[in-house]
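**Student:** need coordinates for the below:
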Amino acid sequence: MIPSKNIVLVGFMGTGKTSTGKLLAKELRREVIDIDRHIEKKEKRKVSDIFEKDGEAVFRRMEKEAIREISQKSGVVITTGGGAVLDPENWEALKKNGWVVALLASPETIYQRIKGSKRRPLLKAQDVYAEIKNLLETRRPYYERSDFFVETDGRTPPQVAKLVLETLKGRLS
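**Tutor:** Okay, the predicted model is just below:
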């Protein structure tokens with residue numbers, strides 16, 4: 001049995017946070033809250049539109065507000081955007097009432113999963129693979145602050161969800 005603390009999934013884009021979060025929530029009979037979708041619903045526009053029209057700084061303020069609000073809940077599964085971990089206040093809010101699980105994947109896996117996606121505002125670079133490697137390297141120290149880690153290379157979302165559950169149960173029992 002997993003206590004009622006939140007389960008927070010962090011990790012780079014394309015690591016499976018959204019898919020895994022939905023499966024975990026279903027398995028645990030919990031609500032899942034995707035921070036990006038929460039912002040989109042509140043703002044009535046896509047994250048990519050916010051980035052394009054208002055810039056990343058405005059989006060990050062919205063993200064911080066959403067995380068502060070959502071992390072006060074208890075017993076939910078929270079999925080974050082890949083850059084949410086860059087803000088120390090986000091970390092503090094997410095860890096206060098939650099176990100933070102980092103989903104990890106290689107740059108090659110991430111590239112294969114997200115190439116062609118129009119919903120990734122930070123990947124409008126000429127060389128998307130190089131940008132993934134660069135961003136991943138920059139964010140790695142932040143992801144390493146997580147309570148638990150699950151590799152997603154070569155795994156389906158159901159396999160990752162099962163591994164997250166096993167990891168949490170093993171460490172918490």
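**Student:** list phi and psi for V101.
**Tutor:** phi -110, psi 120 (degrees, to the nearest 10).
**Student:** that one contacts E151, correct?
**Tutor:** No. With contact defined as C-beta atoms under 8 Å, V101 does not reach E151; the gap is 11.6 Å. Glycine gets a C-beta too; all of them are placed from N, C-alpha and C.
**Student:** between those two, which one's more packed in?
**Tutor:** The neighbour comparison of V101 against E151 (other C-beta atoms under 10 Å) goes to V101, with 25 against 15.
**Student:** contact partners of stretch 80-95?
**Tutor:** Identification of contacts with stretch 80-95 by C-beta atoms under 8 Å, 6 or more residues apart in numbering yields 6, 8-13, 15, 17, 35-36, 47, 60, 63-64, 67-68, 71, 78, 100, 122, 135, 139, 142-143, 145, 147.
**Student:** from those, which ones fall inside strands?
**Tutor:** Taking DSSP state E as the definition of strands, the contacts of stretch 80-95 contribute N6, V8, L9, V10, G11, I78, V100.
**Student:** can you report how many residues neighbour the residue lying closest to the fifth one once chain neighbours are set aside?
**Tutor:** This points to G11. Leaving aside its chain neighbours, G11 sits nearest to L103 (3.7 Å; criterion: C-beta to C-beta, 6 or more residues apart in numbering). Around L103 there are 28 other residues, counting by other C-beta under 10 Å.
**Student:** kindly report the same for T138.
**Tutor:** 11.
**Student:** distance of it from T79?
**Tutor:** Noted for T138: a distance of 21 Å to T79, by C-beta to C-beta, to the nearest Å.
**Student:** kindly report the same for E89.
**Tutor:** 18 Å.
**Student:** between the two, which one's more packed in?
**Tutor:** Per other C-beta under 10 Å, whichever of E89 and T79 has more neighbours is T79, with 27 against 10.
**Student:** picking that back up, buried members of the contacts of stretch 80-95 into ChimeraX, please.
**Tutor:** The following ChimeraX line selects those of the contacts of stretch 80-95 that are buried, judged by 16 or more other C-beta atoms under 10 Å:
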select :6,8,9,10,11,12,13,15,17,35,36,47,60,63,64,67,71,78,100,135,139,142,143
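**Student:** in helices, which of the contacts of stretch 80-95 fall?
**Tutor:** 17, 35-36, 47, 60, 63-64, 67-68, 135, 139, 142-143 (DSSP state H).
**Student:** can you tell me which of those residues is nearest L163?
**Tutor:** The nearest member of the ones in helices among the contacts of stretch 80-95 to L163, counting by C-beta to C-beta, is K17 at 13.7 Å.
**Student:** looks like the closest one contacts L23 (just checking).
**Tutor:** No. Using C-beta under 8 Å, K17 is not in contact with L23; the gap is 11.1 Å.
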